[in-house]
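K.L.:
I'd like to go over a predicted model; first the sequence, then the structure.
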Amino acid sequence: MALKIRKVQRKLLSGDEQGKVKTYGIAKAGSYCNLAKLCKLISARSAMSSADVKAILDSLNWAMDLELQAGNIVQVGEFGNFRLSVSSEGTEEESDYKASKVKKARIVFSPGVSLRRSISEVSFELDDVVVKEIECNQSHA
(Lines give C-alpha, C1' and ligand atoms only; values in the text may rest on other atoms or scores of the structure.)
Protein backbone atom coordinates (compact mmCIF):
# COMPACT_ATOMS: atom_id res chain seq x y z
CA MET A 1 0.00 0.00 0.00
CA ALA A 2 1.32 3.43 -0.94
CA LEU A 3 1.72 6.39 1.39
CA LYS A 4 -0.35 9.34 0.20
CA ILE A 5 1.63 12.55 -0.39
CA ARG A 6 -0.19 15.89 -0.28
CA LYS A 7 1.20 18.89 -2.17
CA VAL A 8 1.68 22.01 -0.03
CA GLN A 9 2.57 25.45 -1.37
CA ARG A 10 4.68 27.53 1.00
CA LYS A 11 6.03 31.06 0.81
CA LEU A 12 9.69 31.19 1.82
CA LEU A 13 10.44 33.76 4.53
CA SER A 14 14.24 33.81 4.37
CA GLY A 15 17.21 32.97 2.20
CA ASP A 16 18.05 33.79 -1.40
CA GLU A 17 14.55 32.87 -2.58
CA GLN A 18 12.65 34.88 0.10
CA GLY A 19 9.05 35.60 -0.96
CA LYS A 20 9.03 32.85 -3.59
CA VAL A 21 6.32 30.17 -3.34
CA LYS A 22 7.45 26.56 -3.67
CA THR A 23 5.51 23.30 -3.67
CA TYR A 24 6.56 20.54 -1.27
CA GLY A 25 5.22 17.08 -0.48
CA ILE A 26 4.04 16.10 3.00
CA ALA A 27 2.85 12.71 4.22
CA LYS A 28 -0.94 12.50 4.60
CA ALA A 29 -2.15 10.29 7.44
CA GLY A 30 -4.94 7.94 6.47
CA SER A 31 -6.51 7.53 9.89
CA TYR A 32 -5.62 6.56 13.46
CA CYS A 33 -4.86 3.09 14.70
CA ASN A 34 -5.98 3.29 18.34
CA LEU A 35 -4.82 1.04 21.18
CA ALA A 36 -7.84 -1.29 20.89
CA LYS A 37 -7.17 -1.95 17.20
CA LEU A 38 -3.45 -2.36 17.82
CA CYS A 39 -4.16 -4.93 20.56
CA LYS A 40 -6.51 -6.85 18.24
CA LEU A 41 -3.91 -6.90 15.46
CA ILE A 42 -1.20 -8.17 17.82
CA SER A 43 -3.46 -10.78 19.43
CA ALA A 44 -4.44 -12.12 16.00
CA ARG A 45 -0.76 -12.92 15.43
CA SER A 46 -0.06 -14.47 18.83
CA ALA A 47 -1.53 -16.81 21.44
CA MET A 48 -2.47 -13.88 23.68
CA SER A 49 -5.87 -12.29 23.97
CA SER A 50 -6.41 -8.63 23.17
CA ALA A 51 -6.74 -7.97 26.92
CA ASP A 52 -3.39 -9.71 27.57
CA VAL A 53 -1.72 -7.54 24.93
CA LYS A 54 -3.21 -4.39 26.46
CA ALA A 55 -1.97 -5.41 29.91
CA ILE A 56 1.53 -5.92 28.53
CA LEU A 57 1.50 -2.57 26.72
CA ASP A 58 0.26 -0.83 29.88
CA SER A 59 3.10 -2.46 31.84
CA LEU A 60 5.60 -1.44 29.15
CA ASN A 61 4.42 2.16 29.43
CA TRP A 62 4.77 2.07 33.24
CA ALA A 63 8.26 0.51 33.13
CA MET A 64 9.44 2.92 30.40
CA ASP A 65 8.25 5.87 32.48
CA LEU A 66 10.34 4.67 35.45
CA GLU A 67 13.45 4.07 33.35
CA LEU A 68 13.23 7.32 31.37
CA GLN A 69 12.77 9.37 34.54
CA ALA A 70 15.89 7.65 35.91
CA GLY A 71 17.78 8.96 32.87
CA ASN A 72 18.15 5.59 31.15
CA ILE A 73 17.82 4.77 27.47
CA VAL A 74 15.06 2.21 27.01
CA GLN A 75 15.90 -0.37 24.34
CA VAL A 76 12.85 -2.24 23.06
CA GLY A 77 14.56 -4.84 20.89
CA GLU A 78 14.09 -4.44 17.13
CA PHE A 79 11.35 -1.87 17.79
CA GLY A 80 13.85 0.82 18.76
CA ASN A 81 15.15 3.03 21.59
CA PHE A 82 13.56 5.75 23.69
CA ARG A 83 15.48 8.43 25.59
CA LEU A 84 14.83 11.78 27.22
CA SER A 85 16.18 14.99 25.73
CA VAL A 86 15.94 18.53 27.13
CA SER A 87 15.87 22.08 25.82
CA SER A 88 17.43 24.77 27.96
CA GLU A 89 18.41 28.42 28.05
CA GLY A 90 22.10 29.13 27.57
CA THR A 91 24.34 31.18 29.83
CA GLU A 92 27.45 33.18 29.01
CA GLU A 93 29.40 31.69 31.90
CA GLU A 94 29.46 27.99 32.70
CA SER A 95 29.24 28.77 36.42
CA ASP A 96 25.93 30.63 35.83
CA TYR A 97 24.19 27.55 34.44
CA LYS A 98 21.63 25.99 36.81
CA ALA A 99 19.15 23.14 36.36
CA SER A 100 16.39 25.79 36.42
CA LYS A 101 17.54 26.82 32.91
CA VAL A 102 15.94 23.64 31.50
CA LYS A 103 12.76 24.68 29.67
CA LYS A 104 11.26 21.32 28.78
CA ALA A 105 11.95 17.64 28.35
CA ARG A 106 10.82 15.46 25.48
CA ILE A 107 11.02 11.81 24.54
CA VAL A 108 13.12 10.93 21.50
CA PHE A 109 12.42 7.67 19.64
CA SER A 110 15.04 6.07 17.39
CA PRO A 111 13.54 3.26 15.32
CA GLY A 112 15.22 -0.12 15.20
CA VAL A 113 16.49 -1.94 12.11
CA SER A 114 13.15 -3.49 11.07
CA LEU A 115 11.26 -0.17 11.24
CA ARG A 116 14.04 1.65 9.36
CA ARG A 117 13.88 -1.06 6.70
CA SER A 118 10.11 -0.57 6.30
CA ILE A 119 10.70 3.15 5.68
CA SER A 120 13.10 2.37 2.85
CA GLU A 121 10.52 0.05 1.26
CA VAL A 122 7.52 2.41 1.32
CA SER A 123 6.09 3.63 -1.99
CA PHE A 124 4.49 7.03 -2.54
CA GLU A 125 1.34 8.18 -4.31
CA LEU A 126 0.20 11.78 -4.85
CA ASP A 127 -3.05 12.92 -3.25
CA ASP A 128 -5.40 15.11 -5.32
CA VAL A 129 -5.50 17.94 -2.76
CA VAL A 130 -3.16 20.95 -2.86
CA VAL A 131 -2.87 23.02 0.33
CA LYS A 132 -1.84 26.67 0.05
CA GLU A 133 -0.16 27.95 3.20
CA ILE A 134 0.18 31.70 3.63
CA GLU A 135 3.72 31.73 5.03
CA CYS A 136 6.22 29.22 6.22
CA ASN A 137 9.81 29.49 7.37
CA GLN A 138 12.26 27.91 4.94
CA SER A 139 13.64 25.67 7.70
CA HIS A 140 10.29 23.80 7.79
CA ALA A 141 10.44 22.97 4.09
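P.N.:
Okay, I see it. Numbers count the residues shown, from 1 in each chain.
K.L.:
in the sheet, who's paired with the residue nearest in space to the middle of the chain?
P.N.:
Centroid check for the chain by Cα atoms, centre = their mean gives residue 109 as the closest residue, at 7.1 Å. In this structure, residue 109 bridges to residue 82 when assessed by DSSP bridges.
K.L.:
wouldn't it be in contact with residue 81 here?
P.N.:
Yes: using Cβ atoms under 8 Å, residue 109 makes contact with residue 81 at a distance of 7.3 Å. Every residue, glycine included, has its C-beta placed from N, CA and C.
K.L.:
next one: the lowest-mean-pLDDT helix or strand in the chain to chain centre, how far?
P.N.:
None of the helices or strands of the chain scores lower by mean pLDDT, DSSP states H and E than strand 124-132, at a mean of 81. Here the centre of strand 124-132 is set off from its chain's centre by 21 Å, with Cα atoms, centre = their mean, to the nearest Å.
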